[in-house]
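# Could you work out the structure for the sequence below:
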Amino acid sequence: MPVTERIKRIDALGFQVEIWDWTKHDIQALVDTGATFSSMTGYIDGTLADRDGADRLVETARESIDVAKILSIPRLNLHGTGLDGQGLPVKSGAEMTGPMWIQAADTLNRLADLGQQHGVTFVLENLNTAVDHPGVPFARAEDVLALVTAVDRPEVRIMLDLYHAQIGEGNLVELVRRCAPYIGEIQVADVPGRCEPGSGEIHYPAIARALNDIGYRGTVGLEGWASSDDELALARFRDAFTL
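Here you go, the predicted structure:
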């Protein structure tokens, strides 16, 4: 289906909508769907951990904020570096030096300033390097948590993706508990296959209980594929997070 028709159907089923690269969309057509948008990619390109890349990241974050305001989107998603069409890093950073950590924290502080000025939250997403995103710097949830806690500003939070965390780290319930004060949004999909909850090995009802126990009342986003029928996948997603 065309993107706008998909959005209208998702909205009619009672869900909010997330988008990735906003530059590939007709923004007014998205507005005209009447849907509620929860998050989108908050940059066009750039990197966290080198000066020139950081300047570009902040510059394109400003452009993204303008679009987020049009769509009333509260959260803008970030990665350790820009990703190409195959999810590979535009600048590899498997070996992260001390100066890279310092630069990344400085970049996040600059983004926090933007967030404070414009009333949006930047959420730094953990990724997995074993399957989907080899070579991405600051990919592990532990890395993201370290950066976000070092910055310690409400305008910078974690986009805690539990699909990626299961592949890279596991121990998801404990991870949720450790990240609790800094979670901006949760993203989910099952492992293997990156499809809806119930299609793989993660017991998402236990995750839902853990999120409830920490008092989380934010968004949970299904960032994955449907294993078969789209609407059945959404129903399984809702069931997994209904207590």
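
# Neighbours of Glu5, how many?
Neighbour count of Glu5, defined by other CB atoms under 10 Å: 10. From N, CA and C alone the C-beta is placed, and that goes for glycine too.

# switch to numbering from 5
In the new numbering, first residue 5, that becomes Glu9.

# Do I have it right that Val152 meets Val160?
Yes. Counting by CB atoms under 8 Å, Val152 does reach Val160; the two are 5.8 Å apart.

# what residues do these two have in common as contacts?
Taking CB atoms under 8 Å, 6 or more residues apart in numbering as the criterion, Val152 and Val160 both touch 112, 128.

# count of residues packed around Leu215?
Burial measure for Leu215: 24 neighbouring residues, criterion other CB under 10 Å.

# Hmm, I typed the wrong one, I wanted Met5.
Using other CB under 10 Å, Met5 has 9 other residues around it.

# before we move on, what about the one 5 residues further on?
Using other CB under 10 Å, Arg10 has 14 neighbouring residues.

# what residues are up against Arg198?
Taking CB under 8 Å, 6+ apart, we find Arg198 in contact with 167, 228-229.

# Low-confidence bits of the chain, can you list those?
By pLDDT under 70, the weakly predicted segments of the chain are 93-98.

# For it, just list every one of the helices.
Under the criterion DSSP state H, the chain contains helices at 7-16, 31-36, 55-75, 102-122, 145-155, 166-172, 176-183, 208-217, 234-244.

# Compute the number of surrounding residues for Trp24.
Neighbours of Trp24 under the rule other CB under 10 Å: 13.

# wait, what's in contact with the closest residue to it other than its chain neighbours?
Counting by CB to CB, 6 or more residues apart in numbering, Trp24 lies nearest to Thr45, which is 5.2 Å off, once chain neighbours are set aside. By CB under 8 Å, 6+ apart, the contact set of Thr45 is 23-26, 68, 80-81.

# right, and Gly86 touches Leu52 too?
No. Using CB under 8 Å, Gly86 is not in contact with Leu52, being 10.0 Å away.

# Now the common contact residues for the two.
Counting by CB under 8 Å, 6+ apart, the shared contacts of Gly86 and Leu52 are Leu61.

# Which one's more surrounded, these two?
When Gly86 and Leu52 are compared for neighbours, Leu52 comes out ahead with 29 against 21, by other CB under 10 Å.

# and that one, what is it in contact with?
Leu52 makes contacts with 58, 61, 82, 84-85, 107-108, 111-112, 141-142, as judged by CB under 8 Å, 6+ apart.

# ok, now Ala39?
By CB under 8 Å, 6+ apart, Ala39 lies in contact with 11-12, 14-15, 20-21.

# Closest one of these to Glu173?
Nearest to Glu173 among those, counting by CB to CB, is Gln20 at 27.1 Å.

# Excluding sequence neighbours, find me the nearest residue to the closest one.
In this structure, Gln20 finds its nearest non-sequential neighbour in Ser42, 4.2 Å apart by CB to CB, 6+ apart.

# Compute the number of surrounding residues for that neighbour.
20.

# could you measure it against Gly172, distance?
Taking CB to CB, to the nearest Å as the measure, Ser42 falls 24 Å from Gly172.

# re earlier: could you dump the contacts of Leu52 into TSV with neighbour count and distance to Arg240 added?
Formatted as TSV, the contacts of Leu52 follow (neighbours: other CB atoms under 10 Å; distance: CB to CB, whole Å):
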residue	neighbour count	distance to Arg240
Ala58	20	40
Leu61	26	36
Leu82	24	29
Gly84	28	31
Thr85	25	33
Gln107	18	42
Ala108	26	36
Thr111	26	38
Leu112	24	35
Pro141	24	34
Phe142	25	32
